[in-house]
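Colleague: Task: produce atomic coordinates for the following.
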Amino acid sequence: MSTPRARRPRRAWWILVLLGALVLAGAAALAFSPGFRLAPPVAFGDELTVDLGEGDHAIYVTPSDQWGEIKCTGTFPGGGVLQLRPDMLQQAIVIPEQWDAQGSFSLGIASPGTITCDGPVADGRFTVGPVLSFFTVVGAVLLAIPGILLVIAGVVVGAVQARRP
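Modeller: Numbering: from 1, shown residues only. Sure, this is the predicted structure:
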């Protein structure tokens, strides 16, 4: 007859690592998802026809240090004219492509419209998408911090449990 072995503690450190990874994925989605929800870009001078929902939207242009010289105009059904506001809290989009924030606008009702941008940028392009604000970026960073801490805690707990006999 063999003697009963002492039962080893459950290795639950992977739960901490998994939770941390999920929180980090949420932070990445918060920070980078606007870049994947952009309208197909068009060249400066061309007309972009978009069907936009109610609320805030942003215009993004190819990276340009001549931000003030790029002009955008647009019309929406019912005689609505694009009122572009230079939003100082709006951030550039970096994934999957680099886009500079040109400004934002708001629509009271969902509607299709046409937008045109022009400026002194060679091969310049523009697009429309959701607003990525400074507060969204800060929120993603604040969400990433506990995710990183959970992953670190899981690795430390796993290393400590592995060293125990």
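Colleague: Excluding chain neighbours, what is closest to Leu38?
Modeller: In this structure, Leu38 finds its nearest non-sequential neighbour in Gly129, 3.9 Å apart by Cβ to Cβ, 6 or more residues apart in numbering. Using the backbone N, CA and C atoms, a C-beta is placed for each residue, glycine as well.
Colleague: Check the gap between the residue nearest the centre of the chain and Asp65 for me.
Modeller: In the chain, the residue lying closest to the centroid (Cα atoms, centre = their mean) is Phe32, at 2.8 Å. Distance, Phe32 to Asp65, by Cβ to Cβ, to the nearest Å: 24 Å.
Colleague: remind me which residues of this structure are low pLDDT?
Modeller: Low-confidence segments of the chain (pLDDT under 70): 1-10, 78-79, 165.
Colleague: circling back to that earlier point, name whatever forms a beta bridge with the residue nearest to Leu38.
Modeller: On the basis of DSSP bridges, Gly129 is bridged to Ala58.
Colleague: Go ahead and confirm it touches Pro40.
Modeller: No. Counting by Cβ atoms under 8 Å, Pro40 is not a contact partner of Gly129; they are 10.7 Å apart.
Colleague: When these two are compared, which one has more neighbours?
Modeller: Set side by side, Gly129 and Pro40 show more neighbours around Gly129, with 20 against 9, by other Cβ atoms under 10 Å.
Colleague: Next one: the more buried one from Val157, what distance?
Modeller: Here Gly129 is placed at a distance of 41 Å from Val157 (Cβ to Cβ).
Colleague: Now stretch 71-82: buried residues?
Modeller: Neighbour-count burial for stretch 71-82 flags Cys72, Gly74, Phe76, Leu82 (criterion: 16 or more other Cβ atoms under 10 Å).
Colleague: what ranges do the strands span in this structure?
Modeller: Taking DSSP state E, the strands of the chain run over residues 42-43, 47-52, 55-61, 71-76, 80-81, 100-107, 111-118, 125-129.
Colleague: Show me what the longest helix anywhere in the chain is packed up against.
Modeller: Longest helix in the chain, counting residues (DSSP state H): helix 134-163. Applying 3 or more Cβ pairs under 8 Å, 6 or more residues apart in numbering; DSSP states H and E, we find helix 134-163 packed against helix 13-32.
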